[in-house]
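Undergrad: okay, predicted coordinates and the sequence, questions at the end:
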Amino acid sequence: MKTTKKVITLDEFIYERERDFPFATGELSGLLRDIGFAAKIVNREVNKAGLVDILGTTGISNTTGDEVKKLDLFANEQFITSLQVSGECCGIASEEMETFLPINTEDAKNAKYVVTLDPLDGSSNIDVNVGIGTIFSIYRRQSFFGPCTLEDFLQKGSRQVAAGYIFYGSSTMMVYTTGNGVNGFTLDPSIGEFCLSHPNIKIPETGKIYSVNQGNFLKFDQAIKDYITYCQSEDKTTGRPYSLRYIGSLVADVHRSLLYGGIFMYPASKGAPQGKLRLLFECFPMSFIIEQAGGKASDGQRRILDIQPTELHQKCPVFLGSTQMVEKVEEFIRQAREASAASATPGSAVTA
Ligand code: AHM
Ligand code: MG
């Protein structure tokens with residue numbers, strides 16, 4: 001006899017999870033649903049990007065100097081509108097906006113959450129049909145009531161209430177966590193619903209893929225160069241050499257690492273002492289997801305989620321993925337620091 005599994009939609013899943021918390025007010029669920037809804041509209045535009053005159057640049061640069069594509073602006077507006085209308089968050093910070101946007105309507109200004117967004121990450125890939133994504137985080141506000149403040153956004157990543165991404169790839173997926181594991185939903189375009197397809201995602205302890213922009217090799221610190229050489233060298237027990245995979249689209253590279261295992265790195269380099277990726281908009285949410293799936297996320301020395309941000313658009317070096325692989329790169333960095341501290345200490349090089 002043929003059995004059919006019950007399809008669980010994103011909205012049903014959010015509703016079921018909310019029922020586990022007897023005092024839940026429904027605001028967080030509402031925000032997740034708003035994000036899921038906006039994602040479907042952005043997905044529609046991403047899919048027809050080659051057909052309509054939405055490709056190309058606006059000629060404006062975003063706050064970190066990258067050229068802004070029209071689709072980035074569309075996604076930014078879409079997510080903001082959807083969140084504003086619902087009245088369930090009191091403010092939004094976006095990678096596409098220099099400063100945060102307080103939502104001061106009667107409904108929203110006393111709401112207890114703020115949202116951070118990278119509305120369309122990987123924009124350099126838009127014109128060549130490579131996977132791109134939306135990344136989001138939700139925090140409980142720190143101020144008590146009234147218009148939100150900068151401090152509501154400058155919270156450690158460990159204070160995220162929820163984080164997730166939407167991956168517009170060969171299929172469209174929403175992957176998110178509320179601090180109780182990671183679940184993935186695939187958009188079924190025929191019914192227009194995200195359906196639970198990857199319940200309780202766990203990242204493998206180790207993997208066989210490293211992911212880095214190796215074009216920057218000569219600009220990396222020696223410890224990173226040594227770790228990359230380690231990834232490339234032969235060793236039967238660890239399955240090296242590892243394969244190099246780098247899409248250059250954070251959501252796609254992290255999604256692959258999450259499902260297959262591996263390490264994703266965007267280290268500091270000459271000329272970019274904090275790397276390229278933004279702590280609030282990219283590193284925090286991805287680190288929360290990776291940790292919730294059993295992996296590790298580090299800036300090379302510290303747990304990323306423990307970093308106290310001081311600016312909205314602050315950047316941070318990042319190493320995330322399978323725990324054993326992230327620990328290995330940390331070991332290379334630690335040893336290099338110890339060696340340089342020892343050589344800087346007078347008399348330390350003298351042996352008895
Ligand atoms: P963006 O936010 O301007 O789209 O840039 C972020 C993207 C990430 O998706 C990706 O990991 C990284 O930039 C790739 O950078 P690079 O081209 O330097 O390797
Ligand atoms: Mg980005």
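TA: Sure thing, it's come through. Ligands and ions are numbered 1, 2, ... in the order given.
Undergrad: residue ranges of the helices in this structure, please?
TA: 10-19, 27-47, 70-86, 150-153, 222-232, 250-260, 284-292, 323-344 (DSSP state H).
Undergrad: how about the spatially most central residue of the chain, nearest residue that isn't a chain neighbour?
TA: With distances taken as CA atoms, centre = their mean, Met286 lies nearest the centre of the chain, 3.2 Å away. Take Met286 and drop its neighbours on the chain: the residue closest to it by CB to CB, 6 or more residues apart in numbering is Val254, 5.2 Å away. Yep, even glycine has a C-beta here, placed from its N, CA and C like the rest.
Undergrad: let's see stretch 250-262 as PDB, backbone CA atoms only.
TA: C-alpha atoms of stretch 250-262 as PDB (Å, rounded to 0.1, in the frame of the first residue of the first chain):
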ATOM      1  CA  LEU A 250      27.700  33.400   1.200                       C
ATOM      2  CA  VAL A 251      24.300  31.800   1.400                       C
ATOM      3  CA  ALA A 252      25.200  29.200  -1.200                       C
ATOM      4  CA  ASP A 253      28.600  28.500   0.300                       C
ATOM      5  CA  VAL A 254      27.200  28.200   3.900                       C
ATOM      6  CA  HIS A 255      24.200  26.100   2.700                       C
ATOM      7  CA  ARG A 256      26.600  23.600   1.100                       C
ATOM      8  CA  SER A 257      28.800  23.500   4.200                       C
ATOM      9  CA  LEU A 258      25.700  22.900   6.400                       C
ATOM     10  CA  LEU A 259      24.500  19.900   4.400                       C
ATOM     11  CA  TYR A 260      27.800  18.300   3.300                       C
ATOM     12  CA  GLY A 261      30.100  19.500   6.000                       C
ATOM     13  CA  GLY A 262      33.300  21.500   5.400                       C
END
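Undergrad: just give me the neighbour total for whatever residue of the stretch 251-352 of the chain ends up closest to ligand 2.
TA: Among the residues of the stretch 251-352 of the chain, Glu282 lies nearest to ligand 2; the distance is 5.3 Å by CB to the ion. For Glu282, the count of nearby residues is 25 (other CB atoms under 10 Å).
Undergrad: the one 3 residues further on too?
TA: Other residues near Pro285 number 26, with proximity taken as other CB under 10 Å.
Undergrad: that one contacts Val161, doesn't it?
TA: No. The criterion here is CB atoms under 8 Å, and Pro285 misses it with Val161 at 11.4 Å.
Undergrad: ok, now which ones touch the residue of the stretch 251-352 of the chain closest to ligand 2?
TA: Contacts for Glu282 (CB atoms under 8 Å, 6 or more residues apart in numbering) come out as 95, 118, 121, 135, 250, 318.
Undergrad: can you narrow these down to the ones near ligand 2?
TA: 118, 121 (CB under 5 Å from the ion).
Undergrad: among the contacts of Glu282, name the ones in strands.
TA: 118, 121, 135, 318 (DSSP state E).
Undergrad: in TSV, list these along with pLDDT.
TA: Shown next, in TSV, are those (pLDDT from 0 to 100):
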residue	pLDDT
Asp118	98
Asp121	96
Ile135	98
Val318	98
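Undergrad: show me what from the stretch 151-300 of the chain comes close to ligand 2.
TA: Residues of the stretch 151-300 of the chain lying close to ligand 2 by CB under 5 Å from the ion: none are found.
Undergrad: can you do 6 Å?
TA: Within the stretch 151-300 of the chain, the positions lying close to ligand 2 (CB under 6 Å from the ion) are Glu282.
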